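# coords please:
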Amino acid sequence: MIFLRRILFLDAATCIAAGLLMLLGAGLLTDLLGLPESLLRYAGLSLLPLAGLLLYLATRQTIPRGGVWLVVALNALWVLDSILLLPAGGYAPTMLGYGFVLAQAGAVAVLTELEVIGLRRARQLATA
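Sure, this is the predicted structure:
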């Protein structure tokens, strides 16, 4: 359970950092990334409630499995949306923009996989 708790805290920290970066820095990032300011602000804003959910889950004495599966689903949707944004979003990202979108999608994918591993480990410990 300690592994899963740590991953949830790490996911929350990355959501807060990326969310604030995109929300507060959208005006500066839009030219660098070639992505609309409104998209960056919305994406950043959407990460903050997720961070709250992650912190809530991570601080429970018993981590609710259903809540973590919800996070896994939301993270998977984020990764999919990020990848689909590039060819189908109607935007013209710069090379840095492509890198930014793909890097954050990759980081979310890794965190998601670690959360699934944490869920499996917690279940194995509970049945042992």
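
# Okay, now the unreliable bits of this structure?
89, 126, 128 (pLDDT under 70).

# ok, 90 please
For the chain, the stretches flagged by pLDDT under 90 are 1, 84-92, 122-128.

# So which residue is dead centre in it?
Residue closest to the mean C-alpha point of the chain, counted by C-alpha atoms, centre = their mean, is Val108 at 4.7 Å.

# can you map out the helices along the protein?
Applying DSSP state H to the chain gives helices spanning 2-33, 37-58, 65-88, 95-127.

# Pull out the buried positions in the last one.
Okay, so that is helix 95-127. Residues of helix 95-127 classed as buried: 97, 100-101, 104-105, 108-109, 111-112, 114-116, 118-119, 122 (neighbour count, 16 or more other C-beta atoms under 10 Å). No exception for glycine: its C-beta is placed from N, CA and C like everyone else's.

# tell me which of those is nearest to Ala73?
Thr112 (9.2 Å; C-beta to C-beta).

# what about the closest residue to the closest one other than its chain neighbours, how many neighbours?
Spatial nearest neighbour of Thr112, chain neighbours left out: Asn75 (4.1 Å); criterion: C-beta to C-beta, 6 or more residues apart in numbering. For Asn75, the count of nearby residues is 23 (other C-beta atoms under 10 Å).

# show me what contacts Asn75?
By C-beta atoms under 8 Å, 6 or more residues apart in numbering, the residues touching Asn75 are 11, 108-109, 111-112, 115.

# Mind putting the residues you listed into TSV with distance to Thr62?
Compiled in TSV, the contacts of Asn75 are given as follows (distance: C-beta to C-beta, whole Å):
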residue	distance to Thr62
Asp11	18
Val108	25
Ala109	27
Leu111	21
Thr112	21
Glu115	16
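
# From the residues you listed, pick the one nearest Leu33.
Distances from Leu33 to the contacts of Asn75, taken by C-beta to C-beta, are shortest for Val108, at 16.9 Å.

# thinking again about what came up before, which one of the contacts of Asn75 is nearest Leu29?
The closest of the contacts of Asn75, once distances to Leu29 are taken by C-beta to C-beta, is Val108, at 17.8 Å.
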